[in-house]
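>>> Make a model of this:
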Amino acid sequence: MAGSAVSRMKLPRTVSQPVPAVVEQRDRLRSRRKHQPPTPTHELLAALARRKWLILAFAVLGGILAAFVGVARPVMFEATSQLIIDPPARGSLAPGGSSVQDLIDSSIDDHITMLSSQGHLRRVAAALHDLEGATPAQDAPATGTSGPGAVSAATQSRAAEIIERLWPQGGEAGVDPDLKLLRKRIRIGQELRSRVISVAFADEDPARAAMVANTFSQVYIDELAKKRQAEDRLELNRVAASLPAVQSDLVAATDRLEKYRLSHGAVDQGAADNAAREQADLNQQISMSKADLAAMEARLAHIQDLRNQRAPVVSLAETMGMPDLADLEARKAKAPADTDLSARIDNEIQQGVASIEKQVSTYRAQVKALEDRKNVLDVVVADTASRLSGLRALEPQVNLLTQRYNDLLSRQQDLTRRIAAPSAGVSILSQAWPPSKPLTLPPIFLVPPGMIVFAMLGAAFVLFRNRFNRSLRGEAETEAALRVPCIGLIPDPGNIVIKQLRQLILDQPRSAYSRAVTSLLVSAAADQARLRSPHTILVTSSLRNDGANELAWSLALAATRLGDPVLLIDLEPKHHQLTQEFVRQGGGPKAHRSFGDFIRNRCSLEDAVVGVPGAGVDLMTVAPAEDLLELLARADSIECREELQAEYSLVIINGPSGLAGPEARFLTRWADAVLLAVRWNRTPRDIARAVLELLERDGASSIPIGSVLTRVNLKRHAKYQFGDSADLLLERIP
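Numbers count the residues shown, from 1 in each chain. This is a model prediction of the structure:
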């Protein structure tokens, strides 16, 4: 059993060691689960359900803070005065231009802008100081001088000083505090789409709020009236300065008009109209006379043609309009031999032609007389028109200058009247009265919004924390992240001593912890439990506090229920509390022997272990001063494992953490199975995966490797709704 030094240390070999066979699927600890990630909605609801008490705490805190703010802030009263804008004049509306409502809206915007201007605020602040008999450095428009208001003002002043130190405002430091407070508490707006502007001011004192609102409106009206009065005075001066020049121009134009009338005679429009009408009548008469003359000349020429053609007397009688001549021709036809009738017919024809020629001569004389009269009348009309044109050229000048002079006189009178009674174009529709109902909501109304806002912040905090939590919690999630089977989980035993741990596992077999450890042992050492063959289990972890020590001791104590000897080798340089307590209970010189002494053959296996009567577990530890890496590098793992398994049916090696050094990589050759302890909701998945890659790099791929979730809070784990073995552990066995 003791062996030799040569048998426990590696010797130079001339032949290579056999390569470990790859573990088949049936030899593995357990097949991996198929991990199906939850839907985003399910994950969101589960995360909020797990942290519902934290969210509720945030909501309660928000309600308390909102109530505290509501109690701490001063009670404000808001008084409102109303201004009405004069309607636009009808003459200001351009044809086809803007409507009346557009002009009103534009005027409202202008007034609101001027009411909110910095200059008006300064004038109001100065007026308030004059009313209160204080200077800007002594009093503020809406700050009390005693009682709770003074305390609140002092607190605000200190807070403002702190904020100013943390965040300097530059030019704002020199601003009048009254002006800043006035700008903060004043509210100006239009009442719907009317011509009314409301001016509201909030203050702790209702009377002061009404006084400030009325002063704000009155100062604006007075300032507008002063500006308009000054503008009217300037315009009146310009009108008065331009009157003498216009008057002199009017006198000169009037003189020129009178001189023209005296030199060219008094011609009125009636005479010119009469001459024009007479000229038109004369032209009409000339036209008619010429038409008659042309008709008579055509008739005479036709008669001459008939005579030259020796036409029948009947045709001549018809053309000349002489029925007597036709009768004579009829009588002659009855008595052709009557010479008297022929002479009489010739005489009648001669008289008829002479009469027509006489009428033609008369028409010609009449046309000539009318044309002569027309020529005289044209001369008269031309002279009248010439005199009228000169007169009309001077009269408009006189009329324009007269109208301008009258306009200036009217404007002067209007400006004088407006200066005597100035108008601002804005009037006070309603004075502000001290309000009886406070503007500030009661503190109770701030509690629900505060709770809602803080609950949303709490939910956001929970989701943000859950989103960036890279730890491992569920068995399926662990298998998917590490790509090795997760063979179980161990509840959190808390701070426990070795005696309590023995009682929890051995004396309370139906407890959740005992069932979890026993199930894990059966899964990790299935061959040892079924075939009663020796088995070695390596327990390691990523970090020191991942629960590997508790896991190793729990497996060792649970293995005592099988009735075979169990050895626990604790290779942690800094021994855990459980190991230290077991060593103290064992006592004696054996406690001073170590794993290094056994490897170097300084002592036998019996001398290197520590046992406690009735415990059923032997313990072998490594001395703090020993170099574990050197020991593992020089030790013959196969020979040492065979010697240990010859005495013990189950050997559990509590190896150092994977990140502490490469020692755990050497220990994989000693073990039949490797268990990686992953602390529930604490160990980062990337670190655990890196440690597994280090272990598999040194041939551990031929050894079954599994992960174990340690220190699991079963109640919190159930809230994740993973549906794994933790749900079974929560069930009580009757």
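>>> SS state for residue 723?
Under DSSP: H, G, I helix; E, B strand; the rest coil, the three-state class of residue 723 is coil.
>>> Show the backbone phi and psi for it.
Main-chain torsions, residue 723, degrees, to the nearest 10: phi 70, psi 40.
>>> so what's it up against?
With contact set as Cβ atoms under 8 Å, 6 or more residues apart in numbering, residue 723 has no partners. Backbone N, C-alpha and C define where each C-beta goes, glycine included.
>>> Which residue ranges of the protein form strands?
In the chain, strands defined by DSSP state E lie at 77-85, 186-190, 196-203, 426-430, 486-491, 535-541, 566-570, 610-611, 617-621, 650-654, 673-679, 705-712, listed in chain order.
>>> With distance to residue 662 and mean pLDDT added, can I get those in a markdown table?
Converted to a markdown table, the strands of the chain look like this (distance: least, Cβ to Cβ, whole Å; pLDDT from 0 to 100):
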| stretch | distance to residue 662 | mean pLDDT |
| --- | --- | --- |
| strand 77-85 | 76 | 93 |
| strand 186-190 | 74 | 92 |
| strand 196-203 | 73 | 93 |
| strand 426-430 | 89 | 91 |
| strand 486-491 | 25 | 90 |
| strand 535-541 | 12 | 89 |
| strand 566-570 | 18 | 91 |
| strand 610-611 | 27 | 82 |
| strand 617-621 | 20 | 89 |
| strand 650-654 | 15 | 91 |
| strand 673-679 | 15 | 91 |
| strand 705-712 | 17 | 91 |
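>>> Quick check: residue 232 touching residue 419?
Yes - with contact defined as Cβ atoms under 8 Å, residue 232 and residue 419 form a contacting pair (5.1 Å).
>>> So for these two, which sits in the more crowded spot?
Neighbours per residue, other Cβ atoms under 10 Å: of residue 232 and residue 419, the larger number sits with residue 232, 19 against 15.
>>> Can you check which of the strands of the chain gets nearest to residue 307?
Residue 307 lies closest to strand 77-85 among the strands of the chain, at 100.2 Å (Cβ to Cβ).
>>> who does the closest one pair up with?
strand 196-203 (antiparallel), strand 426-430 (antiparallel) (DSSP bridges).
>>> For the longest one, give me every contacting residue.
Read that as strand 196-203. Defining contact as Cβ under 8 Å, 6+ apart, one finds that strand 196-203 is touched by 76-85, 108, 111-112, 115, 141-142, 185-191, 209, 212-213, 216-217, 429, 432, 439.
>>> That one to strand 186-190, inter-axis angle?
Per axes from the mean of the first three to the mean of the last three Cα atoms, to 10 degrees, the angle that strand 196-203 makes with strand 186-190 is 160 degrees.
>>> Centre of the chain to strand 196-203, how far?
Mean C-alpha position of strand 196-203 versus that of the full chain (Cα atoms, centre = their mean, to the nearest Å) differs by 28 Å.
>>> again with stretch 274-287
Stretch 274-287 sits 86 Å away from the centroid of its parent chain (Cα atoms, centre = their mean).
>>> Pull out the buried positions in that stretch.
275, 279, 282, 286 (16 or more other Cβ atoms under 10 Å).
>>> Apart from its chain neighbours, what residue comes closest to residue 557?
Excluding the flanking residues, the one nearest residue 557 by Cβ to Cβ, 6 or more residues apart in numbering is residue 505, at 4.8 Å.
>>> Test of understanding: give the bridge partners of residue 677.
For residue 677, the beta-bridge partners are residue 541, residue 708 (DSSP bridges).
>>> ok, now which ones touch residue 304?
Counting by Cβ under 8 Å, 6+ apart, residue 304 makes contact with residue 353.
>>> Mind pulling up the pLDDT for it?
As predicted, residue 304 sits at a pLDDT of 79.
>>> give me every residue that touches residue 69.
With contact set as Cβ under 8 Å, 6+ apart, residue 69 has these partners: 443, 446, 450.
>>> For the last one, which non-adjacent residue is spatially closest?
Nearest-residue entry for residue 450: residue 66, 2.6 Å, with adjacent residues in sequence omitted and distances by Cβ to Cβ, 6+ apart.
>>> since we're on the one you found, how many residues are nearby?
22.
>>> Repeat that for residue 563.
Applying other Cβ under 10 Å, I find that residue 563 has 10 neighbouring residues.
>>> Quick check on it: phi, psi?
According to degrees, to the nearest 10, residue 563 has phi 90, psi 0.
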